[in-house]
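Q: One predicted model, sequence on top.
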Amino acid sequence: MIDTKALGYVVIETTDLAKWEHFGSRVMGLMVAPSVQEDGVLYLKMDEYPYRFRIVQGEQDRFGAAGWEVAGPQEFAHAVRELEAAGIACERTPAAACKARLLSEMVAFTAPGGLRCELFYYLQLDYLPLVSPVGVKAFVTGFNGTMGLGHIAAATPDLEASHRFFTEVMGFGQTDYLHLHFSPDPADPGQGLHFLHASNPRHHSLALFQSKEPLPGDLVHLMVEVPDLDTLGGFMDRVHANGVRVITCLGRHTNDRMVSIYVETPAGFALEYGFDGLQLDWSTYVPTFSKRESHWGHRWGQG
């Protein structure tokens, strides 16, 4: 089994780099990364890591890949063997491309259910401070970024196969299972949502949502966390000032306690921007089964 440490970075494809630069820096409060440059690519920084967002000029607006981090070369070699033993085709990234991206080694693959993934180790820390153009002082990523950039929620047409792969091969642990009903029809079977944690205290680094329908931007949502309510409030003001579409109003989730708002990104998928998410001790934690998504708020289509 692989020991997946955290969500190290995300790759996003865009038809308009300038739109993402504005959204990432002027709305989210990220910083254009000073330590890495690549033609046709925008890198955005949030903490000690040289970047957390790799946004690539392309022909579509969509989620590109989740970059999952392992600890080092031995763990990486073990992970590749585990993936291949599970029948996953791995594409090894050339050394020159890894060097340009400040990585030691990386492979790309598609997980059961369709989530595009990259697996890597040693993304070189530059330790440069976040200098946000809108005054965001920090994002919650753990000591030296060990908790990763946040979490993603990905849709899968085969929840069982996706869950089995990420728990039995990628080494994620179960945090919570939530069953949602979007219709008042009593015959509606609803849709399942697994919350899975990596080897860090964040409540979940990955959620798997049962859906046979394609989603805008090929992702349900991406979450980043800030340290306090005032930083979240500043984001909400910038969302309205920049005409960003609000998907849900402010609310507090039940399972991870996150206070957050959801808005639409330039790629079409949602961004959850929140604070006060749980950090847990997995040696004593007991997984939960939930029937309710939020304690309050998170109403659709309301700012």
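A: Looks like it came in fine.

Q: how much space is there between residue 115 and residue 220?
A: Separation of residue 115 from residue 220 (Cβ to Cβ, to the nearest Å) stands at 11 Å. Quick note: C-beta positions are derived from backbone N, CA and C, even for glycine.

Q: Give me the common contacts of these two.
A: residue 154 (Cβ atoms under 8 Å, 6 or more residues apart in numbering).

Q: How about the secondary structure of residue 81?
A: helix (DSSP: H, G, I helix; E, B strand; the rest coil).

Q: what's the neighbour count on it?
A: Other residues near residue 81 come to 12 when the count uses other Cβ atoms under 10 Å.

Q: okay, and for the stretch 101-250 of the chain, where does confidence drop off?
A: Residues of the stretch 101-250 of the chain meeting the criterion pLDDT under 70: 183, 187.

Q: Which residue ranges of it form strands?
A: For the stretch 101-250 of the chain, the strands defined by DSSP state E, counting those that start in this stretch occupy 105-110, 116-121, 151-156, 173-180, 191-197, 206-210, 221-225, 246-253.

Q: Just send those back as CSV, with mean neighbour count and distance to residue 39 too.
A: Below are these laid out as CSV (neighbours: other Cβ atoms under 10 Å; distance: least, Cβ to Cβ, whole Å):
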stretch, mean neighbour count, distance to residue 39
strand 105-110, 18, 19
strand 116-121, 21, 20
strand 151-156, 24, 27
strand 173-180, 18, 39
strand 191-197, 22, 36
strand 206-210, 24, 31
strand 221-225, 24, 25
strand 246-253, 19, 33
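
Q: Nearest to residue 285, out of the ones you listed?
A: strand 173-180 (7.5 Å; Cβ to Cβ).

Q: which outside residues touch that closest one?
A: So strand 173-180 is contacted by 167, 190-197, 203-204, 255-256, 280, 282, 285, 287-291, 293 (Cβ under 8 Å, 6+ apart).

Q: mind checking which helix or strand residue 9 is in?
A: strand 6-14 (DSSP states H and E).

Q: actually residue 66, sorry about that
A: Using DSSP H and E, residue 66 falls in strand 62-69.

Q: Could the C-alpha coordinates of that strand be exported in CSV?
A: The C-alpha atoms that make up strand 62-69 are tabulated as CSV, following Å, rounded to 0.1, in the frame of the first residue of the first chain:
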residue,chain,number,x,y,z
ARG,A,62,-11.0,22.0,-16.8
PHE,A,63,-9.2,20.3,-13.9
GLY,A,64,-6.0,18.8,-15.1
ALA,A,65,-4.6,16.5,-12.3
ALA,A,66,-4.2,16.1,-8.6
GLY,A,67,-0.5,15.9,-7.5
TRP,A,68,-0.2,13.4,-4.6
GLU,A,69,3.0,13.6,-2.5
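
Q: If you count contacts, what does that strand end up packed against?
A: strand 6-14, strand 53-57, strand 116-121, strand 151-156 (3 or more Cβ pairs under 8 Å, 6 or more residues apart in numbering; DSSP states H and E).

Q: Including distance to residue 106, could those strands go into TSV?
A: Putting the helices and strands packed on strand 62-69 into TSV (distance: least, Cβ to Cβ, whole Å) gives the following:
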stretch	distance to residue 106
strand 6-14	10
strand 53-57	12
strand 116-121	4
strand 151-156	18
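
Q: quick one: which of those is nearest residue 96?
A: Comparing those by Cβ to Cβ, strand 116-121 comes nearest, at 15.0 Å.

Q: follow-up on the earlier one: tell me how far the strand holding residue 66 lies from the chain's centre.
A: 8 Å (Cα atoms, centre = their mean, to the nearest Å).

Q: Also stretch 4-21?
A: Using Cα atoms, centre = their mean, the offset of stretch 4-21 from its chain centre is 10 Å.

Q: One more: stretch 85-105?
A: 20 Å.

Q: May I see the buried residues of it?
A: 86, 88, 90, 93, 98, 101-103, 105 (16 or more other Cβ atoms under 10 Å).
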